[in-house]
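Undergrad: heads up, no residue letters with this:
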């Protein structure tokens, strides 16, 4: 899609319908959100342009160069929250940005969604503005901002945007576009699923047959950590339901209205998105520039599903993509694999067949009616739901089909696996046998020397706060891994991911972690310190000091000094 006036003119277009601004470099690949939204709108007959990483510090020519769109501006900070992109867990400025050519830092501002949107509203106040992406999605309510160490109001207010699309926004953005084409005013679009808007506190809006719940106000949250924690509990509960309610929150004289999310995409719907004509390449403007690291990492990989039912305390995936899995058909996946094998630089190696988690493909409730009334934040914690199909049969079949393609030398699985799904004791003997075969194939055929998994910690107290299974299960995996290594005469390594200073983690827990790692001869190089990010349970515990579900106090390594002390355990014990 075009990025400059010259490219627009070359297409014979006099005007544009939608102009998208993104904090990432523009890569026309289904792993990059702006490219997906652009292709979806283009597929609906619209003329779309993308302005990647606009300069916000000069005369603002990047914001002016394409003029006004017929329908709306769209803004996203990119594939990451801009503050996570810019700063470490210790609030140090990063010196790299994987979504920029040459890994160069500084191509986007802090709080990019707000900065871009304010500029556009100052320049083109009469043009509708829609924000979306991770940053907007997870900051739609009152949220704790780690980098300023305070509660911030909805990003809709600070950005001055007209609408916010949260989660995976392909369907809502098309409905917004079609409504504007039909002559509707964006300020009257109150009944579109998976959108949020601001209205006057006294204005009555159509219920659209939705039930509504009202959160504690922004002012209440500022005055009470308990009120803020209550809000999180309500928000998370709603986000994990199939049939959600509308959520309302008062901020000053404004009323924030967040409409229910859409049902998970069906196979035809998700296939249609991934079957669009992506070039799978960076825009030609980058051809003579240094490589874009994020693209280099995923260019020969395939996303096979969306969503995650793990419910980990520190993770934002389920909050953004949803708890319920939407899987592509094998035909659509194989079509994309074939396209990869025909890329000029393809060397025979597929780097990933996965998604938020590598092994949740096709997994869903055995009896759908049970899922309709479910409010659990996780399908697998504290125990695996008896209604969840955890068979890896279809995934195993998919791997074998991809392996049979002549041009492919090896398929590696780069996404993390949930090994608790493999060792599900509730499975019948047939499923247990299939899952055992899956683990054997994963290790023997799809591991590039190192299998990376995420036990996250060794302490059951910390793991409970993380909503992760006991470390005993990791030990089971280690035994199976070693047995398969021995049987296949391999010399592969099992690499665990660990987190320090997560809420509930004490210095003693970190010391015990390193002792267990040493006893098991584990490599602890894949370690990170906990970073509080908006809209996660762990962040609420970090800010409030208690669990919002139990209201019990939780130990928190709150200061940078305490966080560094815990993280240093990894370096003391590093092999």
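TA: Yes, it's here. Given the structure is predicted, the values throughout are model-derived calculations rather than measurements.

Undergrad: Show me what the worst-scoring helix or strand of the chain on mean pLDDT packs onto, helices and strands only.
TA: Ranked by mean pLDDT, DSSP states H and E, the weakest helix or strand in the chain is helix 317-321, scoring a mean of 91. Helices and strands touching helix 317-321, by 3 or more Cβ pairs under 8 Å, 6 or more residues apart in numbering; DSSP states H and E, are helix 133-138, helix 225-239. For the C-beta atoms, the positions are set from N, CA and C on the backbone; glycine is no exception.

Undergrad: pLDDT (mean, whole number) over whichever helix or strand comes after the last one?
TA: Using DSSP states H and E, the helix or strand that follows helix 225-239 towards the C-terminus is strand 246-251. With pLDDT averaged residue by residue, strand 246-251 scores 98.

Undergrad: How far does the very next helix or strand once past strand 246-251 sit from its chain's centre?
TA: Reading on from strand 246-251 to the C-terminus, the next helix or strand found by DSSP H and E is strand 254-258. Chain-centre distance of strand 254-258: 24 Å, with Cα atoms, centre = their mean, to the nearest Å.

Undergrad: which residues are contacting the next helix or strand after strand 254-258?
TA: Counting by DSSP H and E, the next helix or strand C-terminal to strand 254-258 is helix 267-274. Contacts to helix 267-274, defined as Cβ atoms under 8 Å, 6 or more residues apart in numbering, come from residues 30, 36, 40, 170-171, 265, 303, 306, 326-329, 331-332, 336.

Undergrad: got the buried residues for helix 267-274?
TA: Of the residues in helix 267-274, 270, 271, 273, 274 count as buried by neighbour count, 16 or more other Cβ atoms under 10 Å.

Undergrad: Can you tell me how far the residue nearest the centre of the chain is from residue 139?
TA: For the chain, the residue sitting closest to the mean C-alpha position, by Cα atoms, centre = their mean, is residue 317 at 4.1 Å. Noted for residue 317: a distance of 16 Å to residue 139, by Cβ to Cβ, to the nearest Å.

Undergrad: Most widely separated two among the contacts of helix 267-274?
TA: Greatest spatial distance in the contacts of helix 267-274: 171 and 331, 21.8 Å, computed using Cβ to Cβ.

Undergrad: Among those two, which residue is more densely surrounded?
TA: For the pair residue 171 and residue 331, the greater number of neighbours falls to residue 171 (19 against 10), based on other Cβ atoms under 10 Å.

Undergrad: can you tell me the helix or strand for that one?
TA: helix 170-181.

Undergrad: pretty sure residue 307 is touching residue 357, no?
TA: No. Proximity of residue 307 to residue 357 does not meet the contact threshold set by Cβ atoms under 8 Å, at 9.1 Å.

Undergrad: higher neighbour count, these two?
TA: residue 307 (24 against 21).

Undergrad: residue contacts, the more buried one?
TA: 264, 317, 318, 321, 322, 323, 324, 325, 326, 355, 356, 360.

Undergrad: Could you tell me how many residues sit around residue 292?
TA: Residue 292 has 24 neighbours, counted by other Cβ under 10 Å.

Undergrad: Looks like it contacts residue 96 (just checking).
TA: No. At 11.8 Å, residue 292 does not count as touching residue 96 under the criterion of Cβ under 8 Å.

Undergrad: For the closest residue to residue 380 other than its chain neighbours, give its distance to residue 397.
TA: Leaving out its chain neighbours, the residue that sits closest to residue 380 by Cβ to Cβ, 6 or more residues apart in numbering is residue 420, at 5.8 Å. Separation of residue 420 from residue 397 (Cβ to Cβ): 22 Å.

Undergrad: Which of those two has more residues huddled nearby?
TA: residue 420 (20 against 13).

Undergrad: surely the more buried one meets residue 383?
TA: No. With contact defined as Cβ under 8 Å, residue 420 does not count as touching residue 383 (9.6 Å).

Undergrad: residues in contact with the nearest residue to residue 186 once chain neighbours are set aside?
TA: Among residues not flanking residue 186 along the chain, residue 128 sits closest, at 4.1 Å (Cβ to Cβ, 6+ apart). Residues in contact with residue 128 (Cβ under 8 Å, 6+ apart) are 71, 72, 73, 162, 163, 180, 186.

Undergrad: Check the gap between residue 128 and residue 424 for me.
TA: As for residue 128, its distance to residue 424 is 48 Å (criterion: Cβ to Cβ).

Undergrad: Residue 145 too?
TA: To residue 424, residue 145 is 38 Å away according to Cβ to Cβ.

Undergrad: Quick one, grab the pLDDT at residue 429.
TA: So residue 429 comes in at 89 (pLDDT).

Undergrad: no wait, residue 540
TA: At residue 540, pLDDT is 98.

Undergrad: before we move on, which element is it in?
TA: Per DSSP H and E: residue 540 is located in helix 537-544.

Undergrad: Distance check, residue 107 against residue 368.
TA: Computed as Cβ to Cβ, the residue 107 to residue 368 distance reads 45 Å.

Undergrad: ok, the two, which is more surrounded?
TA: The residue with more neighbours, out of residue 107 and residue 368, is residue 107; 20 against 10, by other Cβ under 10 Å.

Undergrad: what's the more buried one in contact with, if anything?
TA: Residue 107 is in contact with 23, 25, 53, 97, 100, counting by Cβ under 8 Å, 6+ apart.

Undergrad: Let's verify the second one: helix, strand, or coil?
TA: It refers to residue 25. With DSSP: H, G, I helix; E, B strand; the rest coil as the basis, residue 25 sits in coil.

Undergrad: Kindly report the same for the fourth one.
TA: Classification of residue 97 by three-state DSSP places it in coil.

Undergrad: Give me the neighbour count for residue 42.
TA: Each residue near residue 42 was counted by other Cβ under 10 Å, and the total is 16.

Undergrad: could the contacts of residue 307 be laid out in TSV, adding distance to residue 511?
TA: Shown next, in TSV, are the contacts of residue 307 (distance: Cβ to Cβ, whole Å):
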residue	distance to residue 511
264	43
317	30
318	31
321	36
322	38
323	35
324	39
325	38
326	42
355	35
356	32
360	34
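
Undergrad: Thanks a lot, see you next time.
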